[in-house]
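Peer 1: I would like to see how this sequence folds:
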Amino acid sequence: MKKIGFIGAGKMAQAIINGVLKSNFTKTENIYTFEPDLNTVKALKHNLEINFCKNNNEVVQNSDIIIICVKPHFVETVLKEINGSLNKNKIIVSIAAGVSTKKMEQSIDSGIPVVRVMPNTPALVGEGMSALCKGKYCSDETLSYIKELFSKLGRAIEVEEKFINAVTGISGSGPAFMYLIIEALADGGVKLGLRKDVALELAAQTALGAAKMILETGKHPSILKDEVTTPAGTTAEGLYSMEKDNIRASLIRTVIKTARRADELG
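Peer 2: Predicted structure coming up:
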């Protein structure tokens, strides 16, 4: 059973830790982390019996897989800091938006396998979506192992790195977009007299159910949409309003702009 180290222990790192523990992918004694924020450390110690290290290098020295969970502009600094503790038997995994595998490889010794992952926050409830791409020195076997790890958080797929920013635009940042849509649907219900908690439950469960219909039936959204829509009915009227307000075009622009911002961060 491999030992997993986390450099940074924010919300996403905590989601990954909880996911691998709940799925029995590893045990608490095999997890190491360093987090400079003392309040975060205090909260983690209260909830998890994992190993807390004094610095990043101690994490690396005790781990087989090192997951970099820091902001994009800190990734290069962290990699250069830990380079002396790395070897070709260790695996670097980064969840930072916009930082390419090539850029990471340039910050460490040659030959060390690097995997780039774009997860999302629903991993906290076991419904995450993660996309992975491998660096120059990463074998298919290594990538498969990391994919298995992230599949414990929900779903995981492999993509070509040139598409990873598009992934950021859809699933990486997508939960925030979905929250806005759910909130707006609920606000419509409140406008019509529903209590806010009732409206939110209706909207959230509807979004969850619609997503499961796509994933579990394999049907295209346009087909499922037509199955709900009757001629001159309520759904047809609502869809007409959405198209008139260019909701489709707005969401497409949202994904494109988000992906471009991810590229800028790199």
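Peer 1: which residues in the chain form helices?
Peer 2: Per DSSP state H, the chain carries helices over the ranges 11-22, 38-47, 56-62, 75-82, 101-105, 140-151, 164-167, 174-191, 196-217, 221-228, 234-244, 247-265.
Peer 1: looking at those, which is closest to residue 117?
Peer 2: helix 140-151 (6.1 Å; C-beta to C-beta). From N, CA and C alone the C-beta is placed, and that goes for glycine too.
Peer 1: And the residue of the chain most remote from its centre, how far from residue 192?
Peer 2: Taking C-alpha atoms, centre = their mean, the residue of the chain most remote from its mean C-alpha position is residue 232, at 39.9 Å. Distance of residue 232 to residue 192, computed by C-beta to C-beta, to the nearest Å: 21 Å.
Peer 1: Over to residue 96?
Peer 2: 43 Å.
Peer 1: So for the two, which sits in the more crowded spot?
Peer 2: Ranked by neighbour count (other C-beta atoms under 10 Å), residue 96 and residue 192 place residue 96 first, with 23 against 8.
Peer 1: and residue 17, how many neighbours?
Peer 2: 23.
Peer 1: pLDDT score for it?
Peer 2: With respect to pLDDT, residue 17 scores 92.
Peer 1: How about it: what's its closest non-neighbour residue?
Peer 2: residue 31 (6.1 Å; C-beta to C-beta, 6 or more residues apart in numbering).
Peer 1: from memory that neighbour sits against residue 18, does it?
Peer 2: No - the pair residue 31 and residue 18 fails to qualify as a contact (C-beta atoms under 8 Å) at a distance of 10.5 Å.
Peer 1: of those two, who's got more company?
Peer 2: Set residue 31 next to residue 18 and count neighbours by other C-beta under 10 Å: residue 31 wins out with 23 against 18.
Peer 1: Report the separation between the more buried one and residue 184.
Peer 2: 39 Å.
Peer 1: ok, how many other residues are close to the closest residue to residue 21 other than its chain neighbours?
Peer 2: Using C-beta to C-beta, 6+ apart and skipping the chain neighbours, the partner closest in space to residue 21 is residue 28 (6.5 Å). By other C-beta under 10 Å, 11 other residues sit near residue 28.
Peer 1: what does the one 10 residues further on give?
Peer 2: Neighbouring residues of residue 38 were enumerated by other C-beta under 10 Å; the total is 8.
Peer 1: the bottom helix or strand of the protein by mean pLDDT?
Peer 2: Among the helical and strand segments of the chain, the one scoring lowest on mean pLDDT, DSSP states H and E is helix 38-47, with a mean of 85.
Peer 1: can you pull the contacts of the residue farthest from the centre of the chain?
Peer 2: Shown in contact with residue 232 (C-beta atoms under 8 Å, 6 or more residues apart in numbering): no residues.
Peer 1: how close does residue 108 sit to residue 40?
Peer 2: 26 Å.
Peer 1: Could you do residue 259 as well?
Peer 2: In terms of C-beta to C-beta, residue 259 sits 29 Å off from residue 40.
Peer 1: and the gap between the residue farthest from the centre of the chain and residue 19?
Peer 2: Relative to residue 19, and taking C-beta to C-beta, residue 232 is found at 46 Å.
Peer 1: For this structure, give me the ranges with low pLDDT.
Peer 2: Along the chain, the parts satisfying pLDDT under 70 run over 266.
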